[in-house]
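Trainee: From the sequence below, what's the structure:
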Amino acid sequence: MMMVVMPRFQYVQKLIDRLNLVVRESLDGTLVIRAFNTQRFEEKRFDKVNARLTDTNLFVNRVTSGMMPAMMLIMNLTNLLIVWVGSKAVSSFKMKVGDMMAYMQYAMQIIMAFLMMAMMFIMIPRAIVSIKRVVEILTTDSTITDPKIAAVISEAPKGTVEYRGVSFQYPDADEAVLHDITFTALPGQTTAFIGATGSGKSTLVNLLPRFYDVTGGEILIDGIDIRNWPLKKLRDMIGFVPQKGILFSGTIESNLKYGDREASKEVVEEAAKTAQAEEFIDSKPEGFFNRNRPGRPERIRRSEAASFHCKSTG
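Mentor: Numbering: from 1, shown residues only. Below is the predicted model of the structure:
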């Protein structure tokens, strides 16, 4: 049974992952699916994965359903055999009744141990698949690391950003998305990038906090290559607003303080004002800091709060 069932249990876990992926894509892409009128296609895609998972689960459960009756049959036959042999020994005064009962108890303990071991053979394969995926993530080394010898920053950064001949190519890509980009962004000024979709605007900005490393040229802040800056110091001084707002579970206040847990009330309110979120927050009964009534701050729903998200530092 172990040889038949263990590979199927591993396959079940992979099918569950696949089913979750399809469901998540359907939920995240609801608007796109409706816009292109592909509901039937997505239903068929879900049904196909779901049917494979159902069939595999049915096979596994049908096989394992015979395990308990088989073990109970063995247990009772063993008891019957012990009583049959033991009764003859007791009749001929070769064994005491207590000894026969002890044999029965020992036999039951051994059989129950095998039964528990069989249950473990059902649980372990599924756990192994999950463990492998978790370990794969935990053991993956980041390609973006602190420099071996970090630059010594003796004063507060002024904020001059300079791109010198910057080129970038994604891993395994056929060609670079950025070619020989050179410009200087001065403190106190606004620098904007304008271009068609897919021209590399987001990639260009994501190179500054070292979400990726340049494949050619260099980026400097105050004349120091960002690859020589300590990562924490580099990212601490950059305010970042993503293209897609992400709201973490918690309160309005905890989301506004995500970038700086020690931010004061004034800083948080100023950040909300900059993000034009004051009207939305004031519409909530408890506002920012429980102004209207005591108690825990209101835990807002994602659907209500998806319209804002800002980092209170920068």
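Trainee: got any ranges where the stretch 101-250 of the chain has weak pLDDT?
Mentor: Confidence mapping of the stretch 101-250 of the chain against pLDDT under 70 gives the ranges 154.
Trainee: which residues of it fall in helices?
Mentor: According to DSSP state H, counting those that start in this stretch, the stretch 101-250 of the chain carries its helices in the segments 201-206, 231-236.
Trainee: can you list the domains in this protein?
Mentor: Per automatic domain parsing, the domain ranges recorded for the chain read 2-64, 67-138, 161-236, 252-305.
Trainee: need the ones you listed in TSV with mean neighbour count and distance to residue 244, can you?
Mentor: All C-beta atoms are positioned from the backbone trio N, CA, C, and that covers glycine. Converted to TSV, those look like this (neighbours: other C-beta atoms under 10 Å; distance: least, C-beta to C-beta, whole Å):
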stretch	mean neighbour count	distance to residue 244
domain 2-64	13	11
domain 67-138	13	22
domain 161-236	14	11
domain 252-305	14	13
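Trainee: Indicate which one of those is closest to residue 150.
Mentor: Of all the domains of the chain, it is domain 161-236 that lies closest to residue 150, at 4.7 Å by C-beta to C-beta.
Trainee: roughly how far out does that closest one sit from the chain middle?
Mentor: For domain 161-236, the distance from its own C-alpha centre to the chain's C-alpha centre is 27 Å (C-alpha atoms, centre = their mean, to the nearest Å).
Trainee: again with stretch 33-41
Mentor: 28 Å.
Trainee: ranges for the strands of this structure?
Mentor: Defined through DSSP state E, the strands belonging to the chain, from first to last, are 161-168, 178-185, 216-221, 224-225.
Trainee: on contacts alone, who are the packing partners of the first one?
Mentor: It stands for strand 161-168. Secondary-structure packing of strand 161-168 (3 or more C-beta pairs under 8 Å, 6 or more residues apart in numbering; DSSP states H and E): strand 178-185, helix 201-206, strand 216-221.
Trainee: Nearest to residue 235 among the strands of the chain would be which one?
Mentor: Of all the strands of the chain, it is strand 216-221 that lies closest to residue 235, at 11.6 Å by C-beta to C-beta.
Trainee: Alright, that wraps it up for me.
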